[in-house]
Each structure stands twice: as C-alpha cells, then as structure tokens.
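>>> A structural model of the following input is requested.
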Amino acid sequence: MKTLFFSIPSGSHKRAYFQPLYPYIKNDVDLKIIAITPAAKYPKILKEFESGDRLIFKTFDESLFIKFKPNLVTASTCGLDEHDKPILESAKRHQIPTLVYVESWDNVWKMARRKSETISVDRVLVWNQMMKNQLTSELGYQSEKISLAGSARLDNLVLNRDLLSKEELFSKLKLDPNKPLIHIATVELYDISYVVKIISQAKKSGKINKESQIYCSVHPGGEIKNHQWYADKYGVDVLAYSFGRIDNSRLKEFAYNPSLSDMGLLYSLFKHSDVLINFSSTVAIESMLADTPVINVMFGKPFDRRHWRKSAVYRDFKEHYQDIVNSDGTWVVKNKKELIKAVKTYLENPCLHRYGRLKTTEKIITFLDGKCSQRIYQEIKNYVSK
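You can find the predicted model right below:
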C-alpha cells in the first residue's frame, strides 16, 4: 500500500481539493492518506469525512515523515499558504516527490508576484493552458511537469449535482421565485455600495424591472457589518455570507468550511439568479458555467479615480481577468449608463452571450465533462505509483 500526505490548510482549500477527491479516496484500498491539517485537533470540523486505517488526520510534525514514509506529498499551493510551506519543505529534505494542484485559476499570478516565497515542486496540475504558459514563462517550470486538469470543485455544478430547485432555494432565502433576482457579489477590496445604489435607483425609476430582487453576497473572508449600511439604505432584499461561513469556528482557517450541502446552495444561487453583477471575481466563472448572464463593473466610485486605479480589483482586470473580459462571455460596463443598460437587456434577453459564456468557461476550466476530480485523482495515483 502506498502512502500519500495530503495537506488541507483551510476550509477553502478543503473545498477546492480534498472534498471533491474524497469519494475516490474513500473507495481506494490501495492508498493510505495522511491528511495534514490544523483541523486535526478538532475532529468535528472535518466530520464529513470518515477517518480510519486508510484516512488519518494529523497536525503537522516533521516526525510524520519518519513514521509513515510517504511516497508522495500533495498540496494546493506551492508554499504560499503558511501551512503548506513547512510540509513541502520537509518533503524536499526527505527527498519525497511533491505534486501541487493549483486550486484556483488566478493563483499562478499570485505565485509570479510572490516568486521568492514559492517552493518548486515536482509536478503541477492546473486548470488551463494560460496557467501552464505562465508557469513555464514566469516560474521556469518545464512543460512536461505540468498537466491540465480543470477544476475539481466545479464538477458538481457541471453535472447539476446536489442543486436545489428554484422554488426550494428561494423559499430558503425568503425570496419570491416569480420575481427576477439580481445577484451582486461584493468584495472587501473595493467599496461596491455605488453599484448597489445605481441598481436600487434604476429599479425605483423603472429603468429596470421594478419587481427585481437584490441579493448581495459577502465574501466568506469578509465582514457583513461593512456592507450592512448600504444594504439597509438601498433596499437590498438579502445580504448574506457565502454559504459555509462559520462565525464561531475554533480555527480561523476554517471560518469558511463549506459542506457539500453548502456548495449545492451556492451553485443553486448561481444557477437561479437572473444576472450576476461583480467586479473581477471567480463567481463570474461559476455563474457563466450555470449559464447566468454576467456583468463586470470596470469603473469606480464617482471622484475616486486614484483609489480605483490603485485597487486590487483594477489590477485584476489588467492581469488574469483579461482571459475573461476578452472572451465575449460577459458584459463589461464602464459607466452607470452602461450598467443599467446591461441589467435591463439581460433581464429581457438572458440568452444573449450564451455561446460566449460556454466558450469562456471552456477556456478557463478546459474540461466541462464533470470528470475533473477523477482526472486529478488519477494523476495522483499515476505519480504515487512511480
């Protein structure tokens, strides 16, 4: 039996890597998994997974390498996470092969910006060709060490697995399924209140459907109190964290710790919204994958040009987000008038840009067959068996 060390540094990384692979891990009698995670101290945090002889949760200690003699170490960052880094460094000291699945499509850009903090690994799995190109050009990886694998966590959305009906979701959210839903994805990187104000005023004036409901989602790493004031002022129907936020978590790394049920709720929201408004978030990819029209707001608050151009949101548009905004799958708006027109048009004609949404998700995710998790697990099995 081969032994694999699997780093799970946070609830977010669990969602992206370990959770989608768990069905294969659970049924594989030929592989022993030592899941290294700060959550090992609190078993209830990882209660969705059945531990036993073939799946053991441990906090990190270098002595684990002596005790279990792993054949491979895998993680979802090349050391940019503080919990991944010592595990990968120890693997190098013990001459154990390392495989990293870069869990998000924008993380290669982060690796390039923080090159001195990254650890070179033996094999890398990425979502798409653009990520592979950047790994070779910016970080010096040889092409043969990189495989395209797609997004494991999006398999369930592709397959419509664990999704709620519109009636079930709207009942849970206390919304009216007979009225349009405008989903505004907020961020902590730049104040989005002016966008909410524009939509609220356009509703009142009849420039967009007056019956439209506004749902503002708050990033799980954000603080809802920062958004409450404008939600109250502009009549937001629902202001809520992304499903899976746990305020009383015993570990800050697992304050966001979504279950499969939580992920089903999230993907149901993407699917049953009538339009998504965001800056430069990954939720655009998820919404396009659910065939929901997406609007990217590429203008800042009035009289705030300097701060807007210095914001991480603006930087994103100039970096990895070019792969989205140049693919004809979203509507990029650069002023108030364009934003109102885009919302009105999409509510009246949701099929607009449907082909562009499909081609953009194919470009970003590569594989839309619902088998990315299986593909990634097979890569691990092949490598650990060498």
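
>>> can I assume Tyr24 is in contact with Glu379?
No - using C-beta atoms under 8 Å, Tyr24 makes no contact with Glu379, being 11.4 Å away. For glycine as for every other residue, the C-beta is placed from the backbone atoms N, C-alpha and C.

>>> And for Gly140, the neighbour number?
By other C-beta atoms under 10 Å, the residues close to Gly140 number 9.

>>> mind listing the strands for this structure?
Along the chain, counting by DSSP state E, strands occupy 2-7, 31-36, 55-58, 72-75, 98-101, 123-126, 146-148, 181-185, 213-218, 238-241, 275-278, 294-297, 331-333.

>>> Next, format those as TSV and append mean neighbour count.
Shown next, in TSV, are these (neighbours: other C-beta atoms under 10 Å):
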stretch	mean neighbour count
strand 2-7	22
strand 31-36	22
strand 55-58	18
strand 72-75	28
strand 98-101	24
strand 123-126	24
strand 146-148	17
strand 181-185	24
strand 213-218	22
strand 238-241	17
strand 275-278	26
strand 294-297	26
strand 331-333	20
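
>>> The ones you listed: which one's closest to Glu362?
Of all the strands of the chain, strand 146-148 sits nearest to Glu362, with 12.0 Å by C-beta to C-beta.

>>> Which elements pack onto that closest one?
If you count contacts as 3 or more C-beta pairs under 8 Å, 6 or more residues apart in numbering; DSSP states H and E, strand 146-148 packs onto strand 123-126, helix 129-138.

>>> quick one: which of the ones you listed is nearest Trp308?
Of all the helices and strands packed on strand 146-148, helix 129-138 comes closest under C-beta to C-beta, at 25.5 Å.

>>> elements contacting the closest one?
helix 107-113, strand 123-126, strand 146-148.

>>> mind listing what's buried in the first one?
So the one you mean is helix 107-113. For helix 107-113, a neighbour-count test (16 or more other C-beta atoms under 10 Å) marks Asn107, Val108, Trp109, Lys110, Met111, Ala112 as buried.

>>> Any chance of the helices and strands packed on helix 129-138 in a markdown table with mean pLDDT and distance to Phe367 as columns?
Formatted as a markdown table, the helices and strands packed on helix 129-138 follow (pLDDT from 0 to 100; distance: least, C-beta to C-beta, whole Å):
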| stretch | mean pLDDT | distance to Phe367 |
| --- | --- | --- |
| helix 107-113 | 91 | 18 |
| strand 123-126 | 98 | 12 |
| strand 146-148 | 98 | 8 |
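
>>> Would you mind giving those as TSV with distance to Gln19 added?
Converted to TSV, the helices and strands packed on helix 129-138 look like this (distance: least, C-beta to C-beta, whole Å):
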stretch	distance to Gln19
helix 107-113	18
strand 123-126	16
strand 146-148	21
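
>>> Quick one: closest of these to Asn156.
With C-beta to C-beta as the measure, strand 123-126 is the member of these nearest Asn156 (18.8 Å).

>>> Now the closest one - C-alpha only, PDB.
In PDB, the C-alpha atoms belonging to strand 123-126 read as follows (Å, rounded to 0.1, in the frame of the first residue of the first chain):
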ATOM      1  CA  ARG A 123       4.600  18.100 -10.700                       C
ATOM      2  CA  VAL A 124       1.900  20.700 -11.100                       C
ATOM      3  CA  LEU A 125      -1.800  20.400 -12.100                       C
ATOM      4  CA  VAL A 126      -3.600  23.500 -13.300                       C
END
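
>>> Which strands border that strand, and is each parallel or antiparallel?
Its sheet considered, strand 123-126 pairs with strand 98-101 (parallel), strand 146-148 (parallel) by DSSP bridges.

>>> For Ala255, find the nearest of those.
Of the strands paired with strand 123-126, nearest to Ala255 by C-beta to C-beta is strand 98-101, at 22.8 Å.

>>> So for that closest one, mean pLDDT?
In this model, strand 98-101 has a mean pLDDT of 98.

>>> Ok, stretch 7-26 next?
97.

>>> can I get the CA coordinates of that stretch in CSV?
Taking Å, rounded to 0.1, in the frame of the first residue of the first chain, the C-alpha atoms of stretch 7-26 are listed here in CSV:
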residue,chain,number,x,y,z
SER,A,7,-2.2,19.0,3.0
ILE,A,8,-5.5,20.6,4.0
PRO,A,9,-4.6,24.1,5.3
SER,A,10,-8.0,25.6,5.4
GLY,A,11,-11.7,25.1,4.7
SER,A,12,-11.3,26.9,1.4
HIS,A,13,-8.6,24.6,0.3
LYS,A,14,-10.6,21.6,1.6
ARG,A,15,-13.5,22.7,-0.7
ALA,A,16,-11.2,23.1,-3.7
TYR,A,17,-9.1,19.9,-3.5
PHE,A,18,-9.8,17.3,-0.8
GLN,A,19,-13.6,17.4,-0.7
PRO,A,20,-14.0,16.7,-4.5
LEU,A,21,-11.5,13.9,-4.3
TYR,A,22,-12.9,12.3,-1.2
PRO,A,23,-15.2,9.8,-3.0
TYR,A,24,-12.2,8.3,-4.7
ILE,A,25,-10.1,8.4,-1.6
LYS,A,26,-12.8,6.6,0.4
